[in-house]
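Asker: sequence first, predicted coordinates after that:
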Amino acid sequence: MKIKSVGLAVIAAAGVFAANLPAFAQSPREAEMIGFHQLCDQGDRRACIRFGMMLGENKAFHEEWRHRHPEWWSWEH
């Protein structure tokens, strides 16, 4: 019985760890946006502008990205 408890604890810890990992890009466009967002966070104004433009150009993906990248909409919180 003790072995099962330890096994369940390991599985639960792995799940918590995996939930805290950053989301990975699902497309090259999304990967590029992640890069621009990171540069923007570091103070690159051109990256901020390009990120905003790409975000505006891809409205069809907003709902999906809101779930995967809530930090992209931090100004709304």
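Answerer: Now that the structure is in, tell me what you want to look at.
Asker: the helix-or-strand element of the chain with minimal mean pLDDT: what's the following helix or strand?
Answerer: Ranked by mean pLDDT, DSSP states H and E, the helix or strand of the chain with the weakest confidence is helix 2-19, at a mean of 46. Toward the C-terminus, helix 2-19 is succeeded by helix 28-41 as the next helix or strand (DSSP states H and E).
Asker: roughly how far apart are residue 38 and residue 60?
Answerer: According to Cβ to Cβ, to the nearest Å, residue 38 and residue 60 sit 23 Å apart. Glycine gets a C-beta too; all of them are placed from N, C-alpha and C.
Asker: these two: which is more packed in?
Answerer: Neighbours per residue (other Cβ atoms under 10 Å) separate residue 38 from residue 60, with residue 38 holding more: 12 against 7.
Asker: how about that one, what does it touch?
Answerer: Contacts for residue 38 (Cβ atoms under 8 Å, 6 or more residues apart in numbering) come out as none.
Asker: tell me the secondary structure at residue 43.
Answerer: Assigned with DSSP: H, G, I helix; E, B strand; the rest coil, residue 43 falls in the coil class.
Asker: for it, what are phi and psi?
Answerer: Here is the backbone geometry of residue 43 (degrees, to the nearest 10): phi 100, psi 10.
Asker: got the contact list for the closest residue to residue 34 other than its chain neighbours?
Answerer: Nearest residue to residue 34, sequence neighbours excluded (Cβ to Cβ, 6 or more residues apart in numbering): residue 25, at 5.6 Å. When contacts are counted by Cβ under 8 Å, 6+ apart, residue 25 touches 31, 33, 34.
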